[in-house]
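>>> sequence? don't have it. structure:
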């Protein structure tokens, strides 16, 4: 999987992934950015929510649930010292459909968190990060 980011000259980046879809990420105005897109940490929450959401929908569909509505709210608590990573993330899921009961919902959520959600797995893991650079100075 690959991503490419182009700096906007302030604190924002235009990012394109292998899907070809483009998003803009930026720092908040309070942090010196222009607030033109989600912050990188918001993108982490979006990624976790999207990953869990896909898993939950697929698992519920396989359980023959007729899902009519589904939304999520995520809230992340961050450490006070740098690098200010998430120390806790709360996920609230709101589901409406035929065939839903607490057991099937709990099973779907737990399967996502414990087995299928690659974003959740990445948040738990010590990920090796390597880099290269090219100095293109004049």
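Structure's in. What do you need? In this text the structure is predicted, and so the values were computed from the model without any measurement.
>>> Can you tell me which residue is spatially central in this structure?
In the chain, the residue lying closest to the centroid (Cα atoms, centre = their mean) is residue 47, at 1.5 Å.
>>> three-state assignment of that residue?
Local secondary structure at residue 47 is given as helix here, using DSSP: H, G, I helix; E, B strand; the rest coil.
>>> which non-adjacent residue is nearest it?
residue 119 (4.7 Å; Cβ to Cβ, 6 or more residues apart in numbering). Where you see a C-beta, it was placed from the backbone N, CA and C, and this is true even at glycine.
>>> Need the three-state assignment for the one you found.
Put simply, residue 119 is helix when judged by three-state DSSP.
>>> Go ahead and confirm it touches residue 46.
No - judged on Cβ atoms under 8 Å, residue 119 makes no contact with residue 46 at a distance of 9.5 Å.
>>> These two: who's more crowded?
Between residue 119 and residue 46, residue 119 has the larger neighbour count (other Cβ atoms under 10 Å), namely 17 against 14.
>>> give the contact list for that one.
Residues near residue 119 by Cβ atoms under 8 Å, 6 or more residues apart in numbering: 44, 47, 48, 50, 51, 52.
>>> any idea which of those residues is closest to residue 133?
residue 44 (23.9 Å; Cβ to Cβ).
>>> Doesn't residue 72 belong to a helix?
No - according to three-state DSSP, residue 72 belongs to no helix; its state is strand.
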